[in-house]
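**Q** got a predicted structure plus its sequence, pasted below:
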Amino acid sequence: MDELIIKYPLYNLINRKNYIVCDFLADVPDIPPDEFIENVKNLMLRPINIVINCYRLNNLSDKWMSIFSVLHYQLLDIGSKLIFVSPTENLQKVFERAEFKFVKAMPSLLATIEEIEKEGEEIKLNFLKAFIYATIRTLFIQSNTPSFRKKVFLKKATETSFSRDCSGFMTVFGENFFYTVTISFERETIKNVISSIFNKDVQESDTSIIEGINEVMNIIMGQTKYVLVKKGKMTDSVPIVNTTSPRSQLVKNYPESDINYDGKPYKLFGRGNTVVVPCSSTKGDFFIEVWVPREFIDKVMKSIVH
């Protein structure tokens with residue numbers, strides 16, 4: 001028997017055997033209600049499939065889609081699915097946009113149930129993928145900042161600066177290769193994120209912003225480690241945050257450092273490639289950048305692209 005969990009004028013949440021249905025009762029406003037965002041945060045903590053019944057919806061704004069994007073990646077993180085049922089013609093056009101390619105739509109509830117019950121290939125979650133998911137989850141839950149990934153791209157070899165002014169980076173030593181992960185923010189974006197997470201004003205000084213980025217990255221690290229340990233997929237060593245820039249005028253050049261890996265010397269941010277995962281959020285864009293020695297680039301690309 002179905003159990004009605006939550007009933008609102010705009011939608012119902014219905015608990016079924018191995019999935020939850022979000023049944024929209026009418027077209028939605030441009031801005032998602034606060035109570036819907038809180039419900040999504042609660043759903044993200046449950047390892048269960050989510051079905052969005054959207055046959056009454058003509059449109060979903062970018063604000064709605066950014067929230068569904070966060071939900072999708074967190075469900076993927078725990079081996080569950082987000083599926084949209086019976087999308088209208090207008091809604092299908094929204095789903096076709098490049099940044100919303102994550103959408104899985106089914107024509108009927110019966111087809112959806114078959115999809116949920118289908119035994120899929122187990123997701124192999126490595127540190128890098130878990131870190132990306134944890135970043136999106138942390139910003140959403142801790143600072144009410146929905147964000148979603150955009151198309152991954154490679155930087156030119158001649159591009160030797162971070163994508164934005166305020167950046168923190170860490171080096172990860174895996175079983176078969178090593179890489180360096182950087183998160184880059186505009187100064188104003190990271191100030192707003194830090195203020196939301198810690199409920200305090202951030203000073204303009206570089207020191208305050210460095211400390212704030214370190215704290216944010218450590219929260220993300222905790223989330224990443226939790227998921228990997230829980231899934232028994234701790235294949236890469238979990239690093240600590242190495243350092244953060246800004247310096248005086250805030251970032252521009254990569255730091256120089258020598259690394260010895262598998263008996264070979266490497267210069268950090270030297271001969272290699274940088275893979276960029278651009279992300280949009282309600283507080284501004286940010287970039288997850290992965291520098292890797294050239295001989296390991298294919299392995300890193302497979303780790304990032306679904």
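**A** That came through fine. Numbers count the residues shown, from 1 in each chain.
**Q** now the helices for the stretch 201-306 of the chain?
**A** In the stretch 201-306 of the chain, helices defined by DSSP state H, counting those that start in this stretch lie at 206-231, 297-304, listed in chain order.
**Q** and for the stretch 1-150 of the chain?
**A** Counting by DSSP H, counting those that start in this stretch, the stretch 1-150 of the chain has these helices, from start to end: 34-43, 62-77, 89-95, 109-117, 127-143.
**Q** turn the ones you listed into a markdown table, including mean pLDDT and mean neighbour count.
**A** Where you see a C-beta, it was placed from the backbone N, CA and C, and this is true even at glycine. Output for the helices of the stretch 1-150 of the chain, formatted as a markdown table (pLDDT from 0 to 100; neighbours: other CB atoms under 10 Å):
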| stretch | mean pLDDT | mean neighbour count |
| --- | --- | --- |
| helix 34-43 | 87 | 15 |
| helix 62-77 | 86 | 21 |
| helix 89-95 | 89 | 14 |
| helix 109-117 | 78 | 15 |
| helix 127-143 | 85 | 23 |
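**Q** mean neighbour count, mean pLDDT and distance to Phe269 for the helices of the stretch 201-306 of the chain - can I get that in a markdown table?
**A** Formatted as a markdown table, these follow (neighbours: other CB atoms under 10 Å; pLDDT from 0 to 100; distance: least, CB to CB, whole Å):
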| stretch | mean neighbour count | mean pLDDT | distance to Phe269 |
| --- | --- | --- | --- |
| helix 206-231 | 18 | 78 | 18 |
| helix 297-304 | 17 | 76 | 14 |
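**Q** out of the ones you listed, nearest to Ser184?
**A** With CB to CB as the criterion, Ser184 lies closest to helix 206-231 of those, at 9.8 Å.
**Q** how far off helix 62-77 does the closest one point, in degrees?
**A** If you take axes from the mean of the first three to the mean of the last three CA atoms, to 10 degrees, helix 206-231 sits at 50 degrees to helix 62-77.
**Q** how does the chain divide into domains?
**A** Listed by automatic domain parsing, the domain ranges of the chain are 3-117, 127-304.
**Q** hang on, the earlier thing: got the helices of the stretch 1-150 of the chain as JSON lines, with distance to Gly212 columns?
**A** Formatted as JSON lines, those follow (distance: least, CB to CB, whole Å):
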{"stretch": "helix 34-43", "distance to Gly212": "22"}
{"stretch": "helix 62-77", "distance to Gly212": "22"}
{"stretch": "helix 89-95", "distance to Gly212": "35"}
{"stretch": "helix 109-117", "distance to Gly212": "41"}
{"stretch": "helix 127-143", "distance to Gly212": "11"}
